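Undergrad: attaching a predicted model along with its sequence, questions to come.
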Amino acid sequence: MKKDKKRPLTLQNYPGAVLILAFMLFTGVCLILTQAQAASGKAPDKIRIGNAISLSGPYAPGATTTQIAPYDMWLKEVNAKGGIFVKEYGKKLPLEMIRYDDKSDIGTAVKLIEKLILEDKVDLLLPPWGTSMNFAIAPIVTKYEYPVMGVTVDSMKIKEIAPKIPYFFVHLNQPPVKAEAIIPLLKELGVKTAAVVHHADLHGIEFAGYVMPQLSINGIDVVLYKTYPMGAKDLSPLLKQVKAADVDAFLAFTYPPETFLITGQAKAIGLNPKLFYMSIGTAFAAYRETFGANVVEGVMGTGAWNPKVPYPGAKDFWDRMIQAVGPGKVDWYGNAFCYSSVQVLEQAIEKAGTLDRKKIRSVIAGNTFDTVIGPVRYENQINVQSPGEVGQWQNGEFEIVAAKAKRTANPIYPKPQWP
Amino acid sequence: MNHATAKSKKYLSLGLPLLFLLLLAVAPLWIPPYWVVSFNTIFMYIILTLSWAIFSGPTRYISLATAAFFGVGVYAMAMMGQELPFPIVIALSGGLSFILALFIGFLTLRLKGVYFIIFTFGISELIRHLVLWWETKFTGTVGRWVLMMDYTTAYYFLLAIFVITVLSAHIIRSSKFGLALKGIGEYEEAALHIGIDVTTLKTITFAVSAFFMGATGAIMATRWTYIDPTIAFNPLFSFMPVLMAIFGGIGPFYGPLLGAAIFAILEEVLITKFPYYYMLLFGIILIAVILFLPNGLVGLLKKGEKRV
Amino acid sequence: MLVTFLDIAIGGLITGGIYALIAVGLSLQYGVGRVLNVSHGEFIMVGAFAGWSLYTIWGISPLVSLVICSPIFFLIGFFVHITLFRYLRSRSKSVEAFIDSSLLVSFGLLFIVQNIALITWKADIRGYSYWDTSVTILEAVFSLNRLVALFFAVAMSGAFYLFLTHSRVGKAIRASAEDPVTAQVMGVNINRVLGICFGLGALMAGFSGILISMIYEIQPNMGLEYTLIAIIVVALGGLGSITGSLIGGFILGLIGNIVTYVDPGLSLVAYYMIFILVLLVRPKGIFGK
């Protein structure tokens, strides 16, 4: 450490250097302490799984409800049955989770991922929460060759970058899949006019960017199109314009805070178009809990899963989740995807018969896996299986209403009045 | 103090820093890889805090615009990193922050005390929202990929900037320039009267400190690999340097350095050891330090020194 | 046209009312007490969660919670001041030194309160519906809970204004805000006044937190956002001018709504634009002296 080149020697000056020495020692000691815990690992007696995720900060609500709950349940259940059988060692290996808090900060997330890989030397990694977080770790896990299945990633960009990040899989259905299903639904229901609003972040911009041209191609007239910034506290001026436009369908590409805000304000001002659609947050358990089943009746949302889907283990998973986190807390989309991703991981380890990450990666890339969201298969690392693209609240259940073949109930149209 | 010990001490005070520099330079060869990653963050905090202190330390104008300069660097790297070699982009990032700081400095000449604090904060938030608005309106997307730099290369870049920052801080402090700055901090009107060109001095120092923030932002962007306006202009980067500098003690030159280093290490240890309680512990430590160490960590040292 | 006008005006006042309350709280703590309390928003968050818990667990109406919780918040704030900030103040050599160290302490408080909230309430999004039926005023439609929030914000502001101008403590507070040294000479017990100010600041935070829980969804990290808004408003209104903060809050709410009507994408940009323009043109704030 360079300092004090020609400063006169004063008492103020000299301790500086000593201090820096002390600081170096302190760093050393702290880091050694951390180091001591790292695995020595030759013959593993467990599978160590690293997960740096947001336990605090703005991403924490999403991370806790969508990802952490199903991960923890999976971990507990696997350990209850003795672990995952790994052929290479001829025995079942229990799981151990090392979890850190990335504070919803990308710098911390990137650093902690490297800590998990370089220092804790974990066997496998689980992804963080949120599109940007997953994007940030994707090049890193690829560099160290750790297969990771990102769940809460939602962006068109992933397609163009996928060849550069072969170790990063995207488990969630991406915007094209979910947006594509909206148009046939609108046409089937006879929607003629629409208003589109979205927030000024990746999700909203991309979704709108995809849906807007499709609407005009299909002869649906977009009467009103507006953006708003994230963190908006009052959207009633905007919603009043929508109401004045008197459209058949209201499409809002939102994040959870705005989904809640728009619902409350639309109800208050009596904005009740025949079709009321919002994206992220509509399928949250907290959404129904906040407003009550009678208020959300008829509201549509992006991405849907419910225990009625015809896949093995779906109903059972739903019941176990409810037992694990309590009724009214399991969401109707993300939880199933999250659980399904670790099901894939578990099956891939068993199939590969080893903890060799390269082999596990190629097993994931080249096979089909039976999970609670159906048979999962990856094309260019993107999962092509989708249990449902548009959901609608009906009697307190989030029914799949699109795509048509996957329906668990027929769409209610027009939407009933707010109570 | 006799002559001989004074002389040997003089060599020591010159030799020790050089020795440390040497140690730091070869460190990535023998320390575990994750330490290098940790050092990157520690360096980042030290550079931000130290460059913040170059301006705010002597003048007592507390700036909360660090996030703006840092974010400009981050964005410069995201936009130019693909086309130009890293060192050039880093220099350019620093340059852009420098220009922005000149502009902000020019605008804020009238403001003093707490108005300056609030203004600088407002400007960095304004820039964040403007970038966000501009990106959505004109580029049609938010978020950019940044070319990844491996941690050892980043380490050396940061080390270089760190050394330059320390040297500049030192040179500014021990020059007439620094004296004049201190004069502004103590009594601005008097400084004006004895013929110091207060505004030019302030603006230039502000811009110099912004240069280092921008350059650091550019390097950190390559570590994060994906950025958007919220990430780049995170207001936390405005608050952290202030916290760290006060924590260490603003007075002497090594105070902010020490504050940033200890703060960063403390955070690293707490967050990995107690992921569910680290904020609680951190808060308690912060309050305890302030209550029991009135002048930051430096105050503690001075006490110890007197006893010796 | 009238409807549009009413929409914007009343909508703006509703947001503005809450901004005003929050800002007055910060203004008391910073303008008078010189504590730039960055944990202000955390008190708001705790208020919001208190309102939510009381309503969802015991079915206590948030309006009742306002009455129950306000004194508690006052006491918490008062206690925090006499344990931490009074000591810091007595020890600090200069006002600047006190501003520095109190900023750090309030950061410490921010971390502590937020962590405790995370442990107590978990990181989930919460919310409840309360009085969310619609009300029509001359063809303009609003939700009842927002109007109630506006009513309480205005009532609280008014009551507080009367308290400032007419009670002895209020006068002491104003005197201390303008000139602490003279106030002390005039026989004001400055320590007590500062304690009361901090307590009142916490009270305002808790109060507005409960109002916020009636209209928005809430989560443990919501605080900082409100702290930032409070800082803007306080600067707009002028430091040390408590009435300035009150009016500044309403102005910001109104402007926000007008801009949202024109281009929602610019509403936050507008906040900071106004803020910066005001600082440039009138550095002491609109109502600063």
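TA: Sure thing, it's come through. Residues are numbered from 1 along each chain as shown, chains lettered A, B, ... in the order given.

Undergrad: chain C contacts on the stretch 1-150 of chain B?
TA: Within the stretch 1-150 of chain B, the residues that sit near chain C (CB under 8 Å from any CB of the partner chain) are B:60, B:107, B:110-112, B:114-115, B:118-119, B:121-123, B:125-126, B:129-130, B:133, B:136-137. (C-beta placed from N, C-alpha, C; glycine too.)

Undergrad: any low-confidence regions in the chain?
TA: Using chain A here. Along chain A, segments meeting pLDDT under 70 span A:1-43.

Undergrad: chain C was what I was after
TA: Under the criterion pLDDT under 70, the flagged ranges of chain C are C:1, C:288-289.

Undergrad: tell me where it has helices.
TA: Applying DSSP state H to chain C gives helices spanning C:2-26, C:40-58, C:62-80, C:86-91, C:95-121, C:144-166, C:168-178, C:180-185, C:190-215, C:223-237, C:242-262, C:267-281.

Undergrad: JSON lines for those, including mean neighbour count and distance to residue B:205?
TA: Converted to JSON lines, these look like this (neighbours: other CB atoms under 10 Å in any protein chain shown; distance: least, CB to CB, whole Å):
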{"stretch": "helix C:2-26", "mean neighbour count": "24", "distance to residue B:205": "31"}
{"stretch": "helix C:40-58", "mean neighbour count": "23", "distance to residue B:205": "32"}
{"stretch": "helix C:62-80", "mean neighbour count": "18", "distance to residue B:205": "37"}
{"stretch": "helix C:86-91", "mean neighbour count": "16", "distance to residue B:205": "30"}
{"stretch": "helix C:95-121", "mean neighbour count": "21", "distance to residue B:205": "19"}
{"stretch": "helix C:144-166", "mean neighbour count": "18", "distance to residue B:205": "41"}
{"stretch": "helix C:168-178", "mean neighbour count": "18", "distance to residue B:205": "33"}
{"stretch": "helix C:180-185", "mean neighbour count": "14", "distance to residue B:205": "32"}
{"stretch": "helix C:190-215", "mean neighbour count": "26", "distance to residue B:205": "35"}
{"stretch": "helix C:223-237", "mean neighbour count": "26", "distance to residue B:205": "24"}
{"stretch": "helix C:242-262", "mean neighbour count": "23", "distance to residue B:205": "32"}
{"stretch": "helix C:267-281", "mean neighbour count": "20", "distance to residue B:205": "21"}
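
Undergrad: what's the closest of those helices to residue B:188?
TA: Closest to residue B:188 of these is helix C:95-121 (CB to CB; 13.3 Å).

Undergrad: quick check: the residue of the stretch 151-289 of chain C found nearest chain A vs residue A:365, distance?
TA: The nearest approach of the stretch 151-289 of chain C to chain A comes at residue C:264, 3.5 Å away (CB to the nearest CB). In this structure, residue C:264 and residue A:365 are 43 Å apart, going by CB to CB, to the nearest Å.

Undergrad: which one of those two has more residues nearby?
TA: It is residue C:264, of residue C:264 and residue A:365, that has more neighbours when counted by other CB atoms under 10 Å in any protein chain shown, with 22 against 17.

Undergrad: wait, that one touches residue A:230, no?
TA: No - at 11.0 Å, residue C:264 does not count as touching residue A:230 under the criterion of CB atoms under 8 Å.

Undergrad: all strands of the stretch 51-200 of chain A, in order?
TA: Remark: strands assigned in the stretch 51-200 of chain A by DSSP state E, counting those that start in this stretch are A:84-86, A:91-93, A:95-101, A:124-125, A:148-150, A:168-170, A:193-199.

Undergrad: also the stretch 151-300 of chain B?
TA: Listed in chain order, the strands of the stretch 151-300 of chain B (DSSP E, counting those that start in this stretch) span residues B:226-227.

Undergrad: got the residues of it near chain C?
TA: B:235, B:239, B:242-243, B:246-247, B:250, B:276-280, B:282-287, B:289-291, B:294.

Undergrad: and those, which of them are buried?
TA: B:235, B:239, B:242-243, B:246-247, B:250, B:277-280, B:282-283, B:285-287, B:289-291, B:294 (16 or more other CB atoms under 10 Å in any protein chain shown).

Undergrad: so which of the residues you listed are in helices?
TA: Going by DSSP H, the helices hold B:239, B:242-243, B:246-247, B:278-280, B:282-283, B:285-287, B:289-291 from these.

Undergrad: any idea how far the residue of the stretch 151-289 of chain C closest to chain A lies from chain B?
TA: Remark: distance between residue C:264 and chain B (CB to the nearest CB, to the nearest Å) = 11 Å.
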